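Visitor: Got a sequence here, can you model it:
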Amino acid sequence: MTFNDIWEGIIRCRGNVITTKENTKFTYVVNENSIFIPKANWKITKSELEGAVKMLQNPSFAKNAAIGSSYVYAIIFNALEEIQ
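Guide: Numbers count the residues shown, from 1 in each chain. As a prediction, this is how the structure comes out:
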């Protein structure tokens with residue numbers, strides 16, 4: 001599976017209600033090369049997400065990301081569920 005596969009899953013899930021590990025519900029909008037989370041007033045670029053996916057391959061980072069970067073973690077894992 002490549003990052004492009006994950007990005008396609010992210011695109012397909014846009015507008016869906018996603019829940020973080022802390023039970024925060026949110027949606028996001030996909031622009032050409034970024035996503036925007038209105039609830040957090042936060043823009044994340046495609047390249048930042050790609051870097052996050054690479055870091056999540058390290059099990060100790062993935063454990064911390066589930067808590068510290070819960071929006072990113074939730075978006076990535078929601079997309080993974082979508083493409084499987």
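Visitor: need the next SSE after the helix or strand bottoming out on mean pLDDT in the chain, C-terminal direction.
Guide: One helix or strand of the chain scores below all others by mean pLDDT, DSSP states H and E: helix 59-68, with a mean of 54. Using DSSP states H and E, the helix or strand that follows helix 59-68 towards the C-terminus is helix 70-83.
Visitor: Sort out which residues of that following helix are buried, please.
Guide: Using 16 or more other C-beta atoms under 10 Å as the burial criterion, the residues of helix 70-83 that qualify are 70, 71, 72, 73, 74, 75, 76, 77, 78, 79, 80. (C-beta placed from N, C-alpha, C; glycine too.)
Visitor: Isn't the second one up against residue 22?
Guide: No: contact between residue 71 and residue 22 fails when scored by C-beta atoms under 8 Å: they sit 10.2 Å apart.
Visitor: Contacts only, for the residue nearest to the spatial centre of the chain.
Guide: Note on the chain: the residue nearest the mean C-alpha position is residue 75, at 2.5 Å, using C-alpha atoms, centre = their mean. Applying C-beta atoms under 8 Å, 6 or more residues apart in numbering to residue 75 gives the contacts 10, 13, 18, 28, 35, 44, 49.
Visitor: Residue 53: which of the buried residues of helix 70-83 is nearest?
Guide: Closest approach to residue 53 among the buried residues of helix 70-83 (C-beta to C-beta): residue 76, at 6.1 Å.
Visitor: In this structure the closest one contacts residue 5, no?
Guide: No: applying C-beta under 8 Å as the test, residue 76 and residue 5 come out as separate, 11.7 Å apart.
Visitor: And residue 17, what's its pLDDT?
Guide: On the pLDDT scale, residue 17 is placed at 97.
Visitor: out of the contacts of residue 75, which are inside helices?
Guide: If you go by DSSP state H, the contacts of residue 75 have 10, 49 in helices.
Visitor: mind putting the contacts of residue 75 in CSV, neighbour count included?
Guide: Output for these, formatted as CSV (neighbours: other C-beta atoms under 10 Å):
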residue, neighbour count
10, 23
13, 19
18, 18
28, 24
35, 22
44, 19
49, 21
